[in-house]
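Asks: quick one: sequence plus predicted model below, questions after.
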Amino acid sequence: MKRIIVTGGCGFIGSNFIRFFLQQEPNLKIVNVDSLTYAGNLENLKDLETNPRLTFARLDITQLDALEPLFREPLDSVIHFAAESHVDRSILDSGPFIRTNVQGTQILLDLAKKASVRKFVHVSTDEVYGSLGASGFFTETTPLAPNSPYSASKAASDMLVRSYFHTFGFPGVITRCSNNYGPYQFPEKIIPLFISNLLEDLQVPVYGDGLQIRDWIHVTDHCSGVYAAWKSGIAGEVYNFGGRCELTNMELTTTLLRLLDKPKSLIKYVQDRLGHDRRYAIDCAKAETELGWKPIVSFETGIADTIRWYQENWEWVSRVRSGAYREYYQQQYGSRL
Ligand code: NAD
Ligand code: DAU
């Protein structure tokens, strides 16, 4: 049975992707490589813990020697999600972003090159393109102009993937997606943070004037895009994914208030994020034409489902907020350490 490595599979998008991928591909097995940072939660894959086609390796992608044995066995491909992903944290301390996102990607590229993988999908972000004015869209040829330490580290990793393709003919494919939402998202990002706070009648902190625009896509549409890039993306190419759903943060916030039947008094305007990007909007025509992909979840349906998921999985939210989720690994693997 063919074997692929997925990195960052205990995070938000990685865990949704593993669930999606195992359903799509009944004859493939996955090794999930994740170091379980604060954002990694093994409970995100609890429903799959007895699946014989999924194994977990608690490894840090910056540790070459520890990773190397995984690349000695036959390996079809690598799908690389692992990253430090939160902009606000990168503003407080960019060190972990450079180590994981840049150095970690370089180490994976070297190991994957040596293992002669068939494909390496590098999951990147629209934030590498910088910020847009009121009009226009990011295309795959928009020059990179990252504005935060997070997006700069992702842009650097994209450039490494590009250089390995150019120099070595390495089969790297880059994907750049807009803002995701859906189940299992860590409640530091705006949608899960605001839903969790509102469910407890707590205030929600809107940065600055709240008129920044993001292009929202449901995580399953991002997963189907990464899957399409893995299946039929061409080495050396970049594919943008977006939800064609631009909302200001205020529009998003008032939608959440309305759906949860909460008062506007729960909005709290706070100091703006440093260097805050004003607008992201993706042109995903290339992925639609060349990969046959398209986003299918409407925001209306997706956000209602997401709210319901957080309501029905309040235990998950509580364990994340209290830190109890960090004990789960010990319970599952502790005796084998
Ligand atoms: P996340 O923060 O929820 O998860 C990241 C995962 O990577 C965690 O499980 C963490 O434990 C793991 N990880 C971090 N450092 C590691 C290391 N050194 N070694 C091994 N594992 C490590 O992130 P996410 O939101 O799921 O994003 C996944 C990927 O998608 C990232 O590369 C991100 O840049 C990209 N992306 C995210 C979005 C979004 O809206 N969230 C949009 C576009 C692209
Ligand atoms: O565009 C893709 C990117 O989307 C991904 O690459 C990142 O990994 C992901 O974190 C996300 O980045 P953003 O910075 O856009 O997401 P975040 O949820 O942090 O913020 C969304 C918007 O909401 C942004 O304009 C800042 C604002 N915001 C955020 C938080 C957490 C608030 O107003 N209040 C908040 O408390």
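Replies: Cool, the structure landed. Ligands and ions are numbered 1, 2, ... in the order given.
Asks: which parts of the helix ranked longest in the chain are buried?
Replies: Longest helix in the chain, counting residues (DSSP state H): helix 149-168. Under the neighbour-count criterion of 16 or more other C-beta atoms under 10 Å, helix 149-168 has 149-158, 160-162, 164-165 buried. Placement of C-beta: from N, CA and C, glycine included.
Asks: the helix or strand that comes right after that helix close to ligand 1?
Replies: Downstream of helix 149-168, the first helix or strand assigned by DSSP states H and E is strand 172-177. Yes - against ligand 1, strand 172-177 shows contacts by C-beta under 6 Å from any ligand atom at Cys177.
Asks: from the chain's centre, how far out does strand 172-177 sit?
Replies: 12 Å (C-alpha atoms, centre = their mean, to the nearest Å).
Asks: start the count at 496, not 1, going forward
Replies: With 496 as the first residue, the last one maps to strand 667-672.
Asks: show me what it is packed up against.
Replies: Packing contacts for strand 667-672, counted by 3 or more C-beta pairs under 8 Å, 6 or more residues apart in numbering; DSSP states H and E, involve strand 614-620, helix 644-663, helix 714-727, strand 733-736.
Asks: now with 10 Å?
Replies: strand 572-575, helix 600-609, strand 614-620, helix 644-663, helix 714-727, strand 733-736, helix 780-786 (3 or more C-beta pairs under 10 Å, 6 or more residues apart in numbering; DSSP states H and E).
Asks: in its sheet, what does it sit against?
Replies: strand 614-620 (parallel), strand 733-736 (parallel) (DSSP bridges).
Asks: okay, the shortest one in CSV with CA atoms only?
Replies: The C-alpha atoms that make up strand 733-736 are tabulated as CSV, following Å, rounded to 0.1, in the frame of the first residue of the first chain:
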residue,chain,number,x,y,z
VAL,A,733,1.2,27.6,-7.8
TYR,A,734,-2.5,27.2,-7.3
ASN,A,735,-4.7,29.8,-5.4
PHE,A,736,-7.8,28.7,-3.6
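Asks: state the mean pLDDT of that strand.
Replies: For strand 733-736, mean pLDDT is 98.
Asks: so that strand, near ligand 2 or not?
Replies: No - Strand 733-736 lies out of reach of ligand 2 by C-beta under 6 Å from any ligand atom, never closer than 10.3 Å.
Asks: following that strand, which helix or strand shows up next?
Replies: strand 741-743.
Asks: does the next helix-or-strand element following that following strand reach ligand 2?
Replies: Using DSSP H and E, the helix or strand that follows strand 741-743 towards the C-terminus is helix 744-755. Yes - counting by C-beta under 6 Å from any ligand atom, ligand 2 is contacted by helix 744-755 at Asn744.
Asks: helix 744-755 - contacts with which helices or strands?
Replies: Using 3+ C-beta pairs under 10 Å, 6+ apart, helix 744-755 sits against helix 685-694, strand 699-702, strand 708-713, strand 741-743, strand 762-765, helix 794-807.
Asks: are that helix and ligand 1 in contact anywhere?
Replies: No - shown here: helix 744-755 not in contact with ligand 1 (C-beta under 6 Å from any ligand atom), separated by at least 13.4 Å.
Asks: thinking again about what came up before, Ile500: which of the helices and strands packed on helix 744-755 is closest?
Replies: Proximity to Ile500, assessed across the helices and strands packed on helix 744-755 by C-beta to C-beta, is greatest for strand 708-713 (24.7 Å).
Asks: may I see the helices and strands packed on strand 667-672 arranged in JSON lines, with distance to Asp800 as well?
Replies: Output for the helices and strands packed on strand 667-672, formatted as JSON lines (distance: least, C-beta to C-beta, whole Å):
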{"stretch": "strand 572-575", "distance to Asp800": "25"}
{"stretch": "helix 600-609", "distance to Asp800": "32"}
{"stretch": "strand 614-620", "distance to Asp800": "23"}
{"stretch": "helix 644-663", "distance to Asp800": "27"}
{"stretch": "helix 714-727", "distance to Asp800": "10"}
{"stretch": "strand 733-736", "distance to Asp800": "19"}
{"stretch": "helix 780-786", "distance to Asp800": "23"}
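Asks: no further queries at this time; thank you.
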